[in-house]
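[1] whatever this is, show me its structure:
(one chain, ligands or ions: 1)
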Amino acid sequence: MMRKSEQIPVESQLRMVQQFTEKIAIDTSLIPALWLSSNGVEDTRILPFTLCASTLVQLVSLSASSSLSFSLNIPTIGGEGLLDSYVGAYKFLFGTRDLIQEGYDKHYGKAFRIPMLSGWLVLVTGPRMIEEVRAASESGLSSRAALFKESLQTDYTFSPEYLLDPYHFQFVQTSLVRDLGVRIAEIKDEIATVFAELIPPTNDWTRLGGCLTGQQLAFSSTTRLLVGLRLCRDPEYKALNDHWPDTLATAAIIISQVPKVMKPLATRLLFFYRDTLAEAMKHVGPTLKERLEKQKQFGEEELDTSQDDLLNWLLEKAPASEKSLEAITKRLMAIHFVAYRPLSLAITQVLYDLAAQSSYIPELRSEVEALVDGQVITKAGLDKMYKLDSFVKESLRLHGSAKVTMSRKVMKDFTFSDGTTIPAGNTLGACGFSIHHDERNYPNPEEFDGFRHFRKHEAENEPVRYQLASLSADYVVFGVGRHACPGRFLVAAILKTMLAHVLLTYDVKLETEGVRPLDEWQGMLAAVPHQTAGVMFRRRGS
Ligand code: HEM
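    Purely as a prediction, here's the structure:
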């Protein structure tokens with residue numbers, strides 16, 4: 001049997017598998033379901049779907065997508081034969097960084113491919129190839145097709161206009177970045193409120209769950225800027241957002257399995273998705289109504305500009321066809337989706353590192369104290385907190401990136417300068433984790449060196465280049481290129497404000513001395529912070 005599979009060319013084997021797959025109508029973009037069911041945020045309405053999806057993946061491991069049929073002149077990691085490639089796919093799915101790291105080490109500067117249950121994933125390595133991905137046009141290598149159209153099935157979960165006119169993204173790219181200076185006070189207010197609610201005013205140490213604290217802080221600080229004070233303090237709206245990423249991702253996975261003509265119907269039948277959107281509309285509706293009433297008071301064209309948030313932006317920019325509660329809520333929830341979970345993971349990681357790296361605290365604290373006016377944190381002050389920035393950047397270098405980043409759908413055959421051609425229809429990415437742990441980029445890469453980025457800036461007198469929000473081929477937490485994360489300036493502001501507040505107000509230590517909570521690896525996604533560990537806080541001066 002083994003011998004036979006070795007003799008059949010891999011394309012033919014994969015074609016056979018693909019035909020089988022089409023018959024049973026399942027593809028392994030179900031892989032994220034495995035992650036969903038184990039990601040800690042469990043919603044009883046979607047859990048059965050998630051578990052079914054996971055089980056199906058395991059039962060029907062023989063799966064391959066149409067993207068497999070290209071002529072393969074790219075080295076493989078994980079096996080060329082059919083059985084080998086399934087073993088490789090399982091290793092990748094359930095295992096570790098090993099397959100990607102092996103490819104990265106063997107083929108540095110080139111592309112390689114690894115078997116996934118859904119087909120080959122092409123990974124590119126080295127600064128030259130990363131630069132070529134960065135410089136490629138969206139019509140050549142599309143990040144939005146990979147991240148939104150395919151992964152989230154946005155034509156169905158939102159609408160076909162969602163990507164044709166992504167005016168909700170523009171809010172993050174323009175208004176949010178421009179107004180960050182005046183919005184720091186709101187961010188600080190939310191952060192201080194969350195901590196004050198969680199930590200009683202005693203002289204004792206209080207244990208806070210790292211993940212729960214990260215979620216609360218991420219939700220409050222972003223929601224305040226997106227929809228205002230009322231919803232950001234509403235626990236039901238938070239609970240909705242806690243399960244929203246799983247709900248949307250699970251709906252997208254199911255829709256992706258359905259033949260194209262059936263997708264609109266399938267979307268309508270997904271009651272857990274429909275119900276979640278209806279619940280979101282119930283929350284957003286009253287605030288929207290209030291805004292529209294104010295708009296009438298100010299005059300037909302004018303919105304109350306004291307509320308320069310996403311909701312006002314959407315009211316202003318939505319075309320006539322989208323001036324409905326449903327369309328506006330969907331755009332809003334799309335931004336919650338990209339903002340909430342990655343930020344909550346990052347906050348948790350940074351809190352774990354602050355507690356674990358307590359030797360940095362005196363120096364960080366004196367930097368912060370020198371740049372705040374009493375307890376007032378300003379954007380100008382944050383911009384000069386270079387050591388704090390370096391500390392956060394180091395935390396996310398070690399703990400903030402997925403194994404595979406910079407996903408791009410190949411829209412037309414793409415040829416790299418070394419002659420490697422990736423045919424249209426495939427997906428490529430870069431090895432985020434390996435880049436951040438590469439000795440060529442970072443001496444002693446496994447060591448947490450909180451001021452390594454600060455020292456580079458000092459040595460080269462380049463204050464901006466080495467900051468957290470700057471993009472480069474050796475720091476891909478926020479991706480690269482024209483569709484790199486536009487929220488990164490907000491992320492930097494929130495993380496630094498949070499740390500500055502903590503340093504000014506609390507002493508911090510690990511729950512178990514000397515033991516930094518370990519990351520948990522889940523499928524091909526990011527290393528997520530330890531889900532149940534805690535951090536100890538005590539009011540300063542106690
Ligand atoms: C630590 C937290 C965050 C991380 C690690 C992160 C990371 C990323 C990454 C890797 C991408 C894809 C970039 C690429 O493919 O090259 C992305 C896209 C995006 N992110 Fe973030 N993000 C974070 C927080 C946020 C926040 C808070 C917001 C909004 C308030 C946001 C808004 C977006 C948007 C709108 C896109 C799509 C950009 C486009 O397609 O043009 N992100 N993010």
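
[2] please tell me how far the spatially most central residue of the chain sits from Pro529.
    With distances taken as C-alpha atoms, centre = their mean, Pro342 lies nearest the centre of the chain, 4.2 Å away. To Pro529, Pro342 is 12 Å away according to C-beta to C-beta, to the nearest Å. All C-beta spots, glycine's among them, are computed from the backbone N, C-alpha and C.

[3] and this structure, what are its domains?
    Per automatic domain parsing, the structural domains of the chain span 2-132, 166-228+331-400+439-473+477-542.

[4] wait, does the last one contact the ligand?
    Pointing back at domain 166-228+331-400+439-473+477-542 there. Yes - Domain 166-228+331-400+439-473+477-542 lies within reach of the ligand by C-beta under 6 Å from any ligand atom, at 169, 172, 222, 335, 338-339, 342-343, 346, 400, 477-481, 483-487, 490-491.

[5] might you enumerate the residues of the stretch 51-200 of the chain proximal to the ligand?
    Going by C-beta under 6 Å from any ligand atom, the residues of the stretch 51-200 of the chain near the ligand are Ser143, Arg144, Leu147, Phe169, Val172.

[6] which of those fall in helices?
    Ser143, Arg144, Phe169 (DSSP state H).

[7] show me what contacts the last one?
    The contact partners of Phe169, taken as C-beta atoms under 8 Å, 6 or more residues apart in numbering, are Ile335, Pro486.

[8] kindly recompute the last result at 6 Å.
    Shown in contact with Phe169 (C-beta atoms under 6 Å, 6 or more residues apart in numbering): no residues.

[9] what's the answer for the first one, then?
    Going by C-beta under 6 Å, 6+ apart, Ser143 touches Arg408, His483.

[10] give me the distance between it and Gly481.
    Taking C-beta to C-beta, one finds Ser143 at 7 Å from Gly481.

[11] in strands, which of the residues of domain 166-228+331-400+439-473+477-542 next to the ligand fall?
    With DSSP state E as the criterion, strands contain none of these.

[12] now, the residues you listed that are in helices?
    Using DSSP H, those in helices are Phe169, Thr222, Ile335, Val338, Ala339, Pro342, Leu343, Ala346, Leu490, Val491.

[13] nearest residue to the fourth one other than its sequence neighbours?
    In space, Val338 comes closest to Gly487 once its chain neighbours are excluded; the distance is 6.9 Å by C-beta to C-beta, 6 or more residues apart in numbering.

[14] do the last one as well
    Sequence neighbours aside, Leu343 is the residue nearest to Val491 in space, at 6.0 Å (criterion: C-beta to C-beta, 6+ apart).

[15] wait, the one you found sits on Phe219?
    No - counting by C-beta atoms under 6 Å, Leu343 sits too far from Phe219 to count as a contact (8.8 Å).

[16] neighbour-wise, which of the two wins?
    Phe219 (27 against 22; other C-beta atoms under 10 Å).

[17] residues touching that one, list them.
    Lys238, Asn241.

[18] which parts of the stretch 101-250 of the chain are strands?
    Per DSSP state E, counting those that start in this stretch, the stretch 101-250 of the chain carries strands over the ranges 111-116, 119-124, 141-142, 206-209.

[19] quick one: the ones you listed as CSV, columns for distance to Ile100 and mean neighbour count too.
    Below are the strands of the stretch 101-250 of the chain laid out as CSV (distance: least, C-beta to C-beta, whole Å; neighbours: other C-beta atoms under 10 Å):
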stretch, distance to Ile100, mean neighbour count
strand 111-116, 7, 24
strand 119-124, 7, 25
strand 141-142, 19, 24
strand 206-209, 31, 16
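
[20] follow-up on the earlier one: which pLDDT value goes with the residue nearest to Val338?
    Confidence at Gly487, expressed as pLDDT, is 97.

[21] is it true that it touches Phe171?
    No - Gly487 is beyond contact range of Phe171, at 10.4 Å (criterion: C-beta under 6 Å).

[22] higher neighbour count, those two?
    Neighbour totals were compared for Gly487 and Phe171, and Phe171 leads with 26 against 22 (other C-beta under 10 Å).

[23] which non-adjacent residue is nearest that one?
    According to C-beta to C-beta, 6+ apart, the nearest residue to Phe171 is Trp313 (4.3 Å).

[24] please apply the same query to Val392.
    Val392 sits nearest to Leu495 (C-beta to C-beta, 6+ apart), 4.9 Å away.

[25] so that neighbour: helix, strand or coil?
    Of the three states, Leu495 takes helix according to DSSP: H, G, I helix; E, B strand; the rest coil.

[26] now for it, how many residues are close by?
    28.

[27] how near is it to Pro201?
    Where Pro201 is concerned, Leu495 sits at a distance of 25 Å (C-beta to C-beta).

[28] now do the strands in the stretch 301-450 of the chain.
    Counting by DSSP E, counting those that start in this stretch, residue ranges of the strands within the stretch 301-450 of the chain are 405-410, 414-415, 421-422, 427-430.
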